[in-house]
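**Q** Below are the sequence and a predicted model for it; my questions follow.
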Amino acid sequence: MAPPAPGPRPLVSLGDHWYAWTEDLPAGAQLRVHAGEQPDGRLHLDALEYEGEVTAALLRRLPVGRIEAAVNALAHAAGAGPRWRAEAKVPAHLRDAAVRGYPDEFYEVVARAYRSLSALSARPVGELAEANDVPVTTAQRWVKEARARGLLPPGRRGKAG
């Protein structure tokens, strides 16, 4: 059996980090959102424009989390390709020279790669592991240590970044 035909996309890129959200809006209403990259490396909504009657019920119904997730997914799809693997690769001289533990510079590179991958992928640790040919548990340990050293913000359950 063939998969169902995809319906209209709820998020459309308008360029310059602006997006139109088309789902769950009253007839004739338009919602545009702007997303900017934040220090955690992910895109977060930082502005919105709404054309239509604004009510408290409408504001409660706006799926801000879904919109933000869709923005990051769209950015990931647009940015997918070999470039991210090169950026996520930890230089060999930092990995191989460590006699007992890795130097601070190693964890700075891990943190920078993780932040970049967080903006592009829903599974940044997995992508970091693949780019460096290590098990996911190793990449998890690297990220955990980068957090412990204050190079990354505390993790939030269910959120990459």
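**A** Noted; the coordinates are in hand.
**Q** Next one: D104 relative to V90, how far apart?
**A** Distance of D104 to V90, computed by CB to CB, to the nearest Å: 13 Å. Where C-beta positions appear, they are placed from N, C-alpha and C, glycine not excepted.
**Q** And A131, by the same measure?
**A** 8 Å.
**Q** Which one's more surrounded, these two?
**A** V90 (21 against 18; other CB atoms under 10 Å).
**Q** Does the more buried one lie in a helix or a strand, and which?
**A** Assigned by DSSP states H and E, V90 falls within no helix or strand.
**Q** Mind pulling up the pLDDT for it?
**A** If you check V90, the pLDDT there is 81.
**Q** now swap in the one 3 residues further on and tell me
**A** H93 carries a pLDDT score of 74 in this model.
**Q** And it, its phi and psi?
**A** phi -60, psi -30 (degrees, to the nearest 10).
**Q** From L151, how far out is it?
**A** Remark: distance between H93 and L151 (CB to CB) = 19 Å.
**Q** surely R115 meets P153?
**A** No: R115 lies out of contact with P153 (CB atoms under 8 Å); the separation is 9.6 Å.
**Q** between those two, who's got more neighbours?
**A** R115 (21 against 14).
**Q** Which strands or helices does the helix or strand harbouring the more buried one pack on?
**A** Taking DSSP H and E as the criterion, R115 maps to helix 104-120. In this structure, helix 104-120 packs against helix 64-79, helix 82-88, helix 92-96, helix 124-132, helix 136-148, with contacts taken as 3 or more CB pairs under 8 Å, 6 or more residues apart in numbering; DSSP states H and E.
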